[in-house]
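**Q** I need the structure of the sequence given here:
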Amino acid sequence: MSGELMLVCQKCKREVHQGCLWVSFDEIRTLPVLHKHWEETCAASAVTLEALGAAPDEITWKVHHDGCTPALEDAYSVEVRQVATWAGLSRWTAHLMAKNWFACSDWDEVLREAAGESTEAPRIVARVAGAA
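**A** Here you go, the predicted structure:
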C-alpha cells in the first residue's frame, strides 16, 4: 500500500494493507444515550470529581487486518485504503461529522495520532518521507 498514512493493526501491530477502521454498532447505539443521560444528570448540579469519573467512555475506533478482525457483522467500517491519505482521512472526517453519534467517538484521537501527537500506540501514523 502506498499512501501518506499507515494504519497499524491493534492485534498484531503490523501495517494494515487490507483491513478496516471500525466501530461497533452496539457502542453507536448505547453510548450517545449514556452521554445524554450523564450530561442531563451533571447539568442539574455542580460537577464533582466523582461525577466526572462516572462519564461514559467514548465510542472507540479500532484498526485490524482482514485476518485479525473480529466478526464485523454489526459494525460501521471504513476500508483502510479509503483513509490511507490525508485527503481520504479528511473526506471521511467530513462524512462522519454528519453522524449523530460521531461526537461520542474518539475520532479526534485518531486525527491526533495521524498528526503524530499521540503518546500511546497509534492506530494511524504519517509515513516518513521516502519510506514505502
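**Q** Tell me how many other residues crowd residue 63.
**A** Close neighbours of residue 63, defined as other C-beta atoms under 10 Å, add up to 24. From N, CA and C alone the C-beta is placed, and that goes for glycine too.
**Q** in terms of contact, does it touch residue 80 like I think?
**A** Yes - because the distance of 7.4 Å satisfies C-beta atoms under 8 Å, residue 63 is recorded as touching residue 80.
**Q** which residues are common contacts for these two?
**A** Shared contacts of residue 63 and residue 80 (C-beta atoms under 8 Å, 6 or more residues apart in numbering): 7, 16, 19, 20, 21.
**Q** State the three-state secondary structure for the residue lying closest to the fourth one once chain neighbours are set aside.
**A** In space, not counting the residues next to it along the chain, residue 20 is nearest to residue 77; the distance is 4.1 Å by C-beta to C-beta, 6 or more residues apart in numbering. The three-state assignment at residue 77 reads strand, by DSSP: H, G, I helix; E, B strand; the rest coil.
**Q** who touches residue 121 in this structure?
**A** Residue 121 makes contacts with 8, 10, 13, as judged by C-beta under 8 Å, 6+ apart.
**Q** Report pLDDT for the last one.
**A** Each residue has a pLDDT score; the one for residue 13 is 93.
**Q** residues contacting the residue nearest to residue 20?
**A** With contacts defined as C-beta under 8 Å, 6+ apart, residue 77 is in contact with 20, 21, 22.
**Q** How about the contacts made by the residue minimising distance to the centre of the chain?
**A** In the chain, the centroid-proximal residue (C-alpha atoms, centre = their mean) is residue 61; its distance is 2.8 Å. When contacts are counted by C-beta under 8 Å, 6+ apart, residue 61 touches 21, 22, 23, 105, 106, 107, 110, 123.
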